[in-house]
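Quick one, what's the 3D model for this:
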Amino acid sequence: MRTAQDYAICILGNSQVAALKQAWTNRAPRVATGCTVTFFAAQNHLLEQLECRAGALVPLHRDVEDLLMQTSGGKDHIAFDDYDAFILVGMGFGINVPKLCEECCVVENLESRLVGHLLSHACFAAMIEASLEESLLVQFLDKIRPHTGAPIVACSAPFLSERILTRPPHRGDPRLRDRAFLDLVVGRGRAAASRVAAKRDAEVLWQDDSTVGLPGFTRSEFGVGALILKSEQSDLRDDGKHMNEDYGLLMLTALLRRLDDLSDGRVLAAAGNVVSDLQA
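The predicted structure follows:
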């Protein structure tokens, strides 16, 4: 039975949860008595098979149920009333700078030979916002928010690794090394993400500045030893999308600190706040 001291956190996301989960398993930040963290993760196409029933996210098929049980330690559904806060991870919610550059450009790109569809800054921002609205993470925001007033934090997908800039087709694109342009793209993207989240009474937490190289790209060392779900079969040496345990620890720590602030100190251990047993 839960007590007034308990504070249960649900972390739900796609394969980008793996870095956070391993950091929790191996180097978890010290948490307060009664604070628990439960992870639920699966690939995007499987997460799409979760639907709301009787105040819970319930899997429609056995393969999804099996993955939820593997990552959570035995739970096969997500009951909204069981949690005091929700963290949604990745699931297409982020800023993919190369993809945005492939689709369009703004007036600052006119000197480049790689100019695509020219958009005003307002149209460019609207395009980014529309793509975020279509993400799977936002679909889960819309499923969860009507059933709970608990804090919900959207943990953005990491920026792509700088490593992709050393390979075609991005190696020769001058826009991807133009700091002023990259700052513009990231700034517009972050503002759009904040608007999308605010509509659902949620907030966005971005990756730590120490993990960022060029604006909109993750430093390559955080992709070394990148992690995925055990159910996936992939060679991540050239992935560029997934990150390692070091990245996961920085992200997990920042997320728990934010929830600690929102809960008036119920998440992280402090003086007089005894550390709980860790829940993998």
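
can you map out the helices along this structure?
Assigned by DSSP state H, the chain shows helices spanning 17-27, 44-47, 62-72, 97-103, 121-133, 136-144, 179-198, 245-262.

Any idea which of those gets closest to Tyr7?
Distances from Tyr7 to each of the helices of the chain were compared by C-beta to C-beta, and the smallest falls on helix 245-262, at 8.1 Å. All C-beta spots, glycine's among them, are computed from the backbone N, C-alpha and C.

got the buried residues for that closest one?
Within helix 245-262, the residues scored as buried using 16 or more other C-beta atoms under 10 Å are 245-256, 258-260, 262.

Please apply the same query to stretch 161-176.
Across stretch 161-176, burial judged by 16+ other C-beta under 10 Å covers 161-165, 170, 173, 175-176.

cool, stretch 73-82 as well?
Buried positions in stretch 73-82, judged by neighbour count with 16+ other C-beta under 10 Å: 75-78, 80.

Among those, which ones are in strands?
Among these, DSSP state E puts Ile78 in strands.

For Val185, state which of the buried residues of stretch 73-82 is nearest.
Proximity to Val185 was ranked across those by C-beta to C-beta; first place goes to Ile78, at 33.9 Å.

What distance do you get for the closest residue in space to that closest one that isn't next to it in sequence to Ala157?
If you skip the residues right next to it in sequence, Ile78 has Leu57 as its closest partner in space, 4.2 Å away by C-beta to C-beta, 6 or more residues apart in numbering. The gap separating Leu57 from Ala157 is 20 Å, by C-beta to C-beta, to the nearest Å.

ok now do the residue nearest to Ile78, which residues does it touch?
When the contact criterion is C-beta atoms under 8 Å, 6 or more residues apart in numbering, the partners of Leu57 are 12, 50-51, 77-78, 80, 140, 143-144.

again, but for Tyr7
Residues touching Tyr7, when contacts are defined by C-beta under 8 Å, 6+ apart, comprise 32, 34-36, 84-85, 263, 266-267.

Now do the buried residues in stretch 140-148.
Within stretch 140-148, the residues scored as buried using 16+ other C-beta under 10 Å are 140-141, 144-145.

my bad, stretch 51-58
Of the residues in stretch 51-58, those buried (16+ other C-beta under 10 Å) are 52, 56-58.

I'd like the mean pLDDT over that stretch, please.
Mean pLDDT, stretch 51-58: 92.

what separates that stretch from the chain centre, distance-wise?
A distance of 22 Å separates the centroid of the chain from that of stretch 51-58, by C-alpha atoms, centre = their mean, to the nearest Å.

Just the endpoints, please. Distance across that stretch?
Distance between the boundary residues of stretch 51-58 (C-alpha to C-alpha, to the nearest Å) amounts to 5 Å.

from memory Val37 sits against Ile11, does it?
Yes: contact between Val37 and Ile11 holds when scored by C-beta atoms under 8 Å: they sit 6.4 Å apart.

Could I get the pLDDT score of Ile144?
You'll see Ile144 listed with a pLDDT of 96.

doesn't Ile152 make contact with it?
Yes: the pair Ile144 / Ile152 is scored as a contact, 6.5 Å apart, by C-beta under 8 Å.

which residues are in contact with both of those two?
By C-beta under 8 Å, 6+ apart, Ile144 and Ile152 have these common neighbours: 86, 88.

how about the CA coordinates for stretch 216-225, as PDB?
Taking C-alpha atoms only, stretch 216-225 is exported to PDB below (Å, rounded to 0.1, in the frame of the first residue of the first chain):
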ATOM      1  CA  GLY A 216      21.900  20.700 -32.800                       C
ATOM      2  CA  PHE A 217      24.500  17.900 -32.600                       C
ATOM      3  CA  THR A 218      25.600  15.700 -29.800                       C
ATOM      4  CA  ARG A 219      29.300  15.300 -29.100                       C
ATOM      5  CA  SER A 220      30.500  12.100 -30.800                       C
ATOM      6  CA  GLU A 221      31.900  10.500 -27.600                       C
ATOM      7  CA  PHE A 222      28.400  10.100 -26.200                       C
ATOM      8  CA  GLY A 223      27.600   7.800 -29.100                       C
ATOM      9  CA  VAL A 224      30.400   5.400 -28.300                       C
ATOM     10  CA  GLY A 225      28.900   2.200 -26.800                       C
END
